[in-house]
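K.L.:
Predicted structure and sequence below. I'll ask about it afterward.
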Amino acid sequence: MKLARTRLVWRGPVRLFVLFTLLSVAAPLFALEAPPLTGRVVDSAHVLPASDVDWLTAALKAHEEKTGNQVAVLIIPSLEGESLEEYAHRVATTWKLGQRGTANGVLLLIAVKERRLRIEVGYGLEGTLTDLRSAHIIRDEMVPRFKAGDMPGGVRAGTEAILKTIEGTYEAKDRSAARRGWGQDTDALQLVFIGVVVGFLAGIVLSQGLRRTRALFGSLLAYLVAQSAGMILGVMAAAVTAVLLWLVLRTSRGGWRRTHDDWTWYSSRGGGWSGGSSDSGFSGGGGDFGGGGANGNW
């Protein structure tokens, strides 16, 4: 009898675990692909005039010849539901920006529809182009120009600031570091909070009909809401939601005793690519990325 009850208690969580595992395996098949590396500037959204593409390409090429660092710019029409951090890391590692052994690559990614951007920094440059300095460049140089409708000017200013920071000649504007990073942190925390609230309420509502799986449904919903701020924050929101539901519902209804809140699935859609610059002969040197950098929005 006891064995039968144990099987019933774990039947729902086990089924959901199998479902999440299958989705985790299938998700990469529908993930937004990294575009071909056709040059140092790949403008799939077609927002840069040819003259700006030529200027950026020349500046990035000169910097690489001088320092060995590889910096590339990617502008896409939309993230198609992808996490900004995950996609930037995927593109940077697919392109293998930077040199093998030194990992001195940088990717500037701009998603036009979502109005979001990120500077992804390779291992070898994280000590120079730090997360804080990357955030300064985004907020001081790029976002104001983007808000004013001058996207080409923002891309030029941001790229120039990245190169000068690596070379040690960039002078940041006189603003409080805490103030500069506050907006970005606040946006992420708001998404986590909203995800927890939505997931918790959904778990309470669903508890009438899904007593053994309610915390998993609630935490999954929390993850989907918060994952746009980053996969780690999404998992954090899911874990908090699962614990809250477990505590509240166990006290009031005597629900199941264990939760499963450790998954890495995310939903995304594929897309095609077109456009870009002609920069024949340019290719990644085998660099590696560890997630360093900063995000922004306008």
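P.N.:
Nice, I can see it.

K.L.:
Glu82 contacts Glu33, doesn't it?
P.N.:
No. Applying C-beta atoms under 8 Å as the test, Glu82 and Glu33 come out as separate, 10.3 Å apart. In this view, the C-beta of every residue, glycine as well, is placed from N, C-alpha and C.

K.L.:
so where do the helices sit in the stretch 51-200 of the chain?
P.N.:
84-95, 131-136, 143-147, 151-167, 177-206 (DSSP state H, counting those that start in this stretch).

K.L.:
quick one: contacts of the fourth one?
P.N.:
Which is helix 151-167. Applying C-beta atoms under 8 Å, 6 or more residues apart in numbering, the contact partners of helix 151-167 are 47-49, 52, 55-56, 59-60, 63, 67, 69, 71, 73, 75, 106, 108, 110, 112, 117, 119, 125, 128-129, 133-134, 137-138, 140-146, 170.

K.L.:
buried sites along stretch 84-99?
P.N.:
Neighbour-count burial for stretch 84-99 flags 84-93, 95-99 (criterion: 16 or more other C-beta atoms under 10 Å).

K.L.:
One more: stretch 121-130?
P.N.:
In stretch 121-130, counting by 16+ other C-beta under 10 Å, buried: 121-126, 129-130.

K.L.:
hmm, back to that, in PyMOL, how would I pick out whichever of the contacts of helix 151-167 are buried, leaving the exposed ones unselected?
P.N.:
Buried members of those, defined by 16+ other C-beta under 10 Å, are picked up in PyMOL with:
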select buried, resi 48+52+55+56+59+60+63+69+71+73+75+106+108+110+112+117+119+125+129+133+134+137+138+140+141+142+143+145+146+170
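
K.L.:
Count residues in the vicinity of Arg115, would you?
P.N.:
13 (other C-beta atoms under 10 Å).

K.L.:
And for Val240?
P.N.:
Val240: 20 neighbours (other C-beta under 10 Å).

K.L.:
need the contact list for it.
P.N.:
196, 222 are the contacts of Val240 under C-beta under 8 Å, 6+ apart.

K.L.:
That one and Gly199, how far apart?
P.N.:
9 Å (C-beta to C-beta, to the nearest Å).

K.L.:
what about the stretch 151-298 of the chain, any weak spots by pLDDT?
P.N.:
Flagging of the stretch 151-298 of the chain using pLDDT under 70 yields the residue ranges 172-188, 206-215, 227-230, 249-280, 285, 287-288, 290-291.

K.L.:
so how far is Val248 from Gly218?
P.N.:
Gly218 is 10 Å from Val248, by C-beta to C-beta.

K.L.:
tell me, what's touching the two both at once?
P.N.:
Ile204.

K.L.:
of these two, who's got more company?
P.N.:
Gly218 (30 against 16).

K.L.:
How is the protein divided into domains?
P.N.:
Residue ranges for the domains of the chain, per the TED database: 41-171, 192-204+214-242.
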